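S.K.: below are the sequence and a predicted model for it; my questions follow.
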Amino acid sequence: MNFMSDTAAPAHPAILQALADANVGAAPSYGSDAWIERAREALSRVFETDLDIWLVSSGTAANALALATLCPPHGSVLCHEEAHIERDERGAPEFFTGGAKLSLLPGLHARIDLAALRTRIAANQPDNVHESPAHVLSLSNLTECGAAYRPFEIAERAGLAHEAALAVHLDGARFANALVSTGATPAELSWRSGVDVMSFGATKNGALGCEAILLFGSARQRLADLRARAKRAGHMPPKMRFLAAQMCAYLKGGLWLELAGRANRSAQDVAALLQKHGAELTHPVDGNEVFVRLPADTAAKLKGAGAGFYAWPDGSFRFVCSWATSPDDIAALAAALS
C-alpha cells in the first residue's frame, strides 16, 4: 500500500530489458551513440515535428537546464507559487541560471491564473535597471496539485507570454498522465499550444531514471548552449546510450501512454474509495494523484495499517498511484478503511 510517490515504483520490465539489450559491445560516448538518434526520431514522431533533445537522469536537472537556456542571470521566470521548480528543487533553477529569480503567481489547483499573469506581464519593464524582468513563463502539466491544463489553457497563457517576447517552458514530469486525462495529442499539449522548451518525464512512469529536454521550433537554435551547460553542470553522462535506450523503450508501441492510463485509473479508484469513507477532494483528479482532506482518525488508521501517503503542506494528504499500483493495493486500502 505505497501511495507515497510514483518515483517509489519499480522500473517497467521493458525498460530493464532495453538496458540489457544496449549493454553489448562498445558505443560512442557523451551522446554520440545510435540510441540517441533513435530516441530523437521517436520523440519527433510522437510530437509530430522535428525537434532536438538532451537526456538527463532527473526532472530537476531537466527543468533547471531548460530554464538556464532561456533565462539570463539578471532575469526572472514566471511560475506558479506551488510549482515544482519553486517548492521542491532547492534553488536549482536559480543555481543553473546563475542567479535568475522565480517570480510567483497564484491560481487554483496550481494552474496560473490568467488575469494574474496578464497583470504581471503588463507590469514587466525590461529596461528598468532596478527589477529582474521576466524572460520565461514556466507551466507544469500535470500541475503540482495534480490538475491538468487543456490545450486551450496552455495556448492562452503562452500567447500572452509570446506577445511580451517571453519564452515558454513546460515541466512535463507527469505529461503522460495529463495526455491520457485530457485526450489531447502530445503536439496539441505542447508546441502547437506555444511551448518552446519542455521537460519530458519518463522516470515517474516506468523508467529507471530518464528525462528529456525537448527543443521545439526556433528554440532548437539553443541546442549548442544547452549541451555546453549540461557538460559544465555534470549532466553529460559518458554512457548516455543507457538513458536513450530507456526513452526508446518507453515510447515503443505506446507503452508510456498505457502505463499512464493504468496509473490514472488506479487514482480514480483510490479517489472514489476515499470519498466513500468521508474524504473531501481538494483538487481535481486529472491524473495519477489524489489530494484529500481526511476525517481526523482516518489518516492515523491508514498509517497504522501500513499505508504510505504524504501529508501536504496545506493540511491535506496526497495519494499517488503508479503504473505498478495493483488491484491488491486498492483492496488493501479498502480493507484498512473498513
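M.R.: Noted; the coordinates are in hand.

S.K.: so the spatially closest residue to residue 288 that is not a sequence neighbour, which state does it fall into?
M.R.: Spatially, and ignoring its direct neighbours in sequence, residue 288 is nearest to residue 263 (3.8 Å; CB to CB, 6 or more residues apart in numbering). Yep, even glycine has a C-beta here, placed from its N, CA and C like the rest. Of the three states, residue 263 takes helix according to DSSP: H, G, I helix; E, B strand; the rest coil.

S.K.: which ones are touching residue 263?
M.R.: 6, 177, 205, 287, 288, 321, 322, 323, 325 (CB atoms under 8 Å, 6 or more residues apart in numbering).

S.K.: now stretch 31-42: buried residues?
M.R.: Going by neighbour count (16 or more other CB atoms under 10 Å), the buried part of stretch 31-42 is 31, 33, 35, 36, 38, 39, 40, 42.

S.K.: now do that stretch: everything it contacts.
M.R.: In contact with stretch 31-42 (CB under 8 Å, 6+ apart) are residues 22, 27, 51-55, 212, 227, 236, 240-241, 244-245, 247-248, 251-252.

S.K.: okay, and which of these map to strands?
M.R.: Among the contacts of stretch 31-42, the members falling in strands (DSSP state E) are 51, 52, 53, 54, 55, 212.

S.K.: from these, pick the one nearest residue 338.
M.R.: Closest approach to residue 338 among the ones in strands among the contacts of stretch 31-42 (CB to CB): residue 212, at 42.7 Å.

S.K.: now the residue nearest to the closest one when sequence neighbours are not counted: how far from residue 3?
M.R.: Nearest residue to residue 212, sequence neighbours excluded (CB to CB, 6+ apart): residue 200, at 4.3 Å. According to CB to CB, to the nearest Å, residue 200 stands 24 Å off from residue 3.

S.K.: over to residue 92?
M.R.: For residue 92, the distance to residue 3 - CB to CB - is 26 Å.

S.K.: neighbour count for these two, which is higher?
M.R.: Between residue 92 and residue 3, residue 3 has the larger neighbour count (other CB atoms under 10 Å), namely 25 against 19.

S.K.: quick check: the more buried one touching residue 307?
M.R.: Yes: between residue 3 and residue 307 there is a contact at 6.7 Å, judged by CB atoms under 8 Å.

S.K.: send the alpha carbons of the helix or strand harbouring residue 260 over as CSV?
M.R.: With elements taken from DSSP states H and E, the one containing residue 260 is helix 255-276. Presented in CSV, the C-alpha positions along helix 255-276 are these (Å, rounded to 0.1, in the frame of the first residue of the first chain):
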residue,chain,number,x,y,z
LEU,A,255,4.0,1.8,-23.7
TRP,A,256,4.2,5.3,-22.0
LEU,A,257,0.5,6.0,-22.5
GLU,A,258,-0.5,2.5,-21.5
LEU,A,259,1.3,2.9,-18.2
ALA,A,260,-0.1,6.4,-17.6
GLY,A,261,-3.6,5.0,-18.2
ARG,A,262,-3.1,2.4,-15.6
ALA,A,263,-1.9,4.9,-13.0
ASN,A,264,-4.8,7.3,-13.8
ARG,A,265,-7.4,4.6,-13.5
SER,A,266,-5.9,3.5,-10.1
ALA,A,267,-6.1,7.1,-8.9
GLN,A,268,-9.8,7.3,-9.8
ASP,A,269,-10.4,4.1,-7.8
VAL,A,270,-8.5,5.5,-4.8
ALA,A,271,-10.4,8.8,-5.0
ALA,A,272,-13.8,7.0,-5.1
LEU,A,273,-12.8,4.8,-2.2
LEU,A,274,-11.5,7.6,0.0
GLN,A,275,-14.6,9.8,-0.7
LYS,A,276,-16.8,6.8,0.2
